[in-house]
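Novice: Next one to model:
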Amino acid sequence: MLNDQPEEVRNRLLRRADWRFLLPNPNPTNSICFANGSLAKAVGLISTTMVETTADYPSNKFDLAVAVDPDIATLKRAWSALAPGGSLYTEWHSYWVPRVRQIRKRLEAVGFEEINYFSARPNPDLTTPEVWLPYKTPLDLNGFLANLKCTGKLGSPVVRALRQLARFLNSLISLGSPVSVAARKKAFSAERARKTRNPSAVIPSDFRNELMKTIRAGWSEWGFGETPKRLEWMLLTGGQRSISKVVAVVSGDEDKKGQLAIKIPRVFESISSLTREAENLRTLSTKGNLPGVPKLLFCQQHTGVLTVGETFLAGIPLFKLLCHDNCRDLALTATRWLADFAGRAEPIPPATWRKRLIDPVIADFDASFGPILDTGLFRTSTDCLATLGPLPIVCEQRDFAPWNLLITDAGNLAVLDWESSELQGLPALDLIYFLTYMTFSLNKAKSLDDFQHSYSAMLNPSTLSGSIADECLRLYLIQTGLSPALLRPLRLLTWLIHSRSEYQRLVADSAGKPVRDTLRRSLFLNLWETELRQN
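Specialist: Here you go, the predicted structure:
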């Protein structure tokens, strides 16, 4: 089974089929594939059963048919195989923009309808695209330029010129790029099905249309204004692992900026974390308007597929802006946001939170990495954590890293991805995590040795990263009323907590229990050891 493959293989194949979220049914039961290679393997992975065209197959049975550069004969075979209302997905690698009309004529001649064109970016071979757009709107470089905050010499004439250049480049990018086309086999209406005594021919449920009905029904209520006549849909399929969610960004026909983001689980394992994100955002909404936190709009099933709608947060990812000239300002922006988010709550004795927030973390660390742990360091770490006294209970975001932070047009911070959050957590952990990854980015750390050296430098106030970290931590401690003596045990706790999710990733990558050498390369294990060995 492909599900038993290592994460690298599974992730690559699943991403080869992310176009399925543009279809009426993203989780087909029966599929037939008129292609081979990675595309055929990907179709097999997303389907309950898949038939290759080398075998005999029945007519009017399949939910999905897939083909690449099909001729008329292949399209007729696909149409015959599909059940009424079934979906066809095709890729056309030899068609340029002026010739896409020929695709429509060919599909309509066979009997397909509801024909839609899509364009994938940035991978012209369609293996690991990160953005899917309606074909008429190739990668919107103008939209990205619109998000830039232009000041000083970069005035409006320059911006207009850049946008004109972007439109020209978009037209060139489109030429020769593969076109993905989705279509449907016509199905009877319910009334006609009854008259013909063929109830199985009724149009099956439509994931995308049902989702659009929910969006239209809530558009005005969510404060987006009058419901637009047409909704534009862009699919974001980035991320590093198969458990990463697919995100549909929806905007009105006149306003090309996204209004809401809809998260959809790519795999079954993502459902629980996405549900947790919805629950976290729902709870946070009871605390009033929290700047930089997305608002939950809905969490519901559409034709059996979980969807979580949130307000779309626009901005430039912090890691794309980060450099030596602005790192201090950006770090202070993140620090102030975290301090304001934490507030100044009263400290609570550890007896009320240690068994929930500390003891299970230590136990999991020992169970996961025990075979390679230095027993002396482990004992020192446990003793250090035991020194933690009363602490305020705050919300931990738990993935507060440069890739999840946006700088808005107004220069404010917006924070994405709340699925890992601990609503009743401990202070300073998010800041420690952020400062560490900011240091990695500044130092262009790539290897395990680089990460360890960078972390050691961050702990030294005489270095650039160390001076910034020291200033940010002092500011946070002042605003939250915490003692500097808490920082070392909290740093250790940070790496113990994040080692839990890292161990799960190592298990997925190994398709089983990781070997000693794999455990030894754990980033958070090494950061924990570096902290303990620091004078």
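Novice: which stretches of the chain aren't confidently modelled?
Specialist: By pLDDT under 70, the low-scoring segments of the chain are 1-4, 54-55, 94-99, 123-124, 136-177, 188-205, 253-256, 535.
Novice: which one's the longest helix in it?
Specialist: Ranked by residue count and defined by DSSP state H, the top helix of the chain is helix 487-510.
Novice: Tell me the helices and strands packed up against it.
Specialist: If you count contacts as 3 or more CB pairs under 8 Å, 6 or more residues apart in numbering; DSSP states H and E, helix 487-510 packs onto helix 7-16, helix 359-369, helix 375-385, helix 429-442, helix 516-520, helix 523-533. All C-beta atoms are positioned from the backbone trio N, CA, C, and that covers glycine.
Novice: Please, where are all the helices along the stretch 51-200 of the chain?
Specialist: 72-81, 100-110, 141-146, 156-174, 190-195 (DSSP state H, counting those that start in this stretch).
Novice: Would you agree residue 10 is in contact with residue 42?
Specialist: No. Under the criterion of CB atoms under 8 Å, residue 10 makes no contact with residue 42, lying 10.2 Å away.
Novice: Comparing the two, which shows the higher neighbour count?
Specialist: Neighbours were counted for residue 10 and for residue 42 using other CB atoms under 10 Å; residue 42 has more, 25 against 20.
Novice: which residues sit in contact with that one?
Specialist: Each residue near residue 42 by CB atoms under 8 Å, 6 or more residues apart in numbering is listed here: 13-14, 16-17.
Novice: Please parse the chain into its domains.
Specialist: 2-122+151-201, 207-311, 316-533 (automatic domain parsing).
Novice: can you tell me how far the residue nearest to residue 519 when sequence neighbours are not counted sits from residue 507?
Specialist: Nearest residue to residue 519 in three dimensions, chain neighbours excluded: residue 372, at 5.2 Å (CB to CB, 6 or more residues apart in numbering). Using CB to CB, to the nearest Å, residue 372 is found at 15 Å from residue 507.
Novice: Kindly report the same for residue 343.
Specialist: Applying CB to CB to residue 343 and residue 507 gives a distance of 37 Å.
Novice: Residue 405 now?
Specialist: Distance from residue 405 to residue 507, by CB to CB: 28 Å.
Novice: Neighbour count for the two, which is higher?
Specialist: Of the pair residue 405 and residue 507, residue 405 is the one with more neighbours under other CB under 10 Å, namely 28 against 15.
Novice: The more buried one contacts residue 413, doesn't it?
Specialist: Yes. Counting by CB under 8 Å, residue 405 does reach residue 413; the two are 6.1 Å apart.
Novice: Quickly list what's touching both of the two.
Specialist: 318, 334.
Novice: residues in contact with residue 366?
Specialist: Taking CB under 8 Å, 6+ apart, one finds 373, 378 in contact with residue 366.
Novice: ok, it to residue 512 distance?
Specialist: In terms of CB to CB, residue 366 sits 20 Å off from residue 512.
Novice: What of residue 135?
Specialist: 42 Å.
Novice: neighbour count winner among those two?
Specialist: residue 135 (18 against 10).
Novice: If we ignore the residues flanking it in sequence, what's nearest that one?
Specialist: Sequence neighbours aside, residue 117 is the residue nearest to residue 135 in space, at 3.4 Å (criterion: CB to CB, 6+ apart).
Novice: Could you do residue 212 as well?
Specialist: In space, residue 212 is closest to residue 231, 6.2 Å off (CB to CB, 6+ apart).
Novice: Can you get me a residue count around the one you found?
Specialist: Residue 231, neighbours per other CB under 10 Å, totals 17.
Novice: Buried residues in stretch 453-464, which are they?
Specialist: 454-459, 463 (16 or more other CB atoms under 10 Å).
Novice: Kindly reformat those as JSON lines containing distance to residue 300.
Specialist: Below are the buried residues of stretch 453-464 laid out as JSON lines (distance: CB to CB, whole Å):
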{"residue": "454", "distance to residue 300": "43"}
{"residue": "455", "distance to residue 300": "43"}
{"residue": "456", "distance to residue 300": "48"}
{"residue": "457", "distance to residue 300": "48"}
{"residue": "458", "distance to residue 300": "43"}
{"residue": "459", "distance to residue 300": "46"}
{"residue": "463", "distance to residue 300": "50"}
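Novice: Find the pair from those residues with maximum spatial separation.
Specialist: 455 and 463 (11.2 Å; CB to CB).
Novice: Return the member of the contacts of residue 42 nearest to residue 285.
Specialist: Nearest member of the contacts of residue 42 to residue 285, counting by CB to CB, is residue 14, at 31.8 Å.
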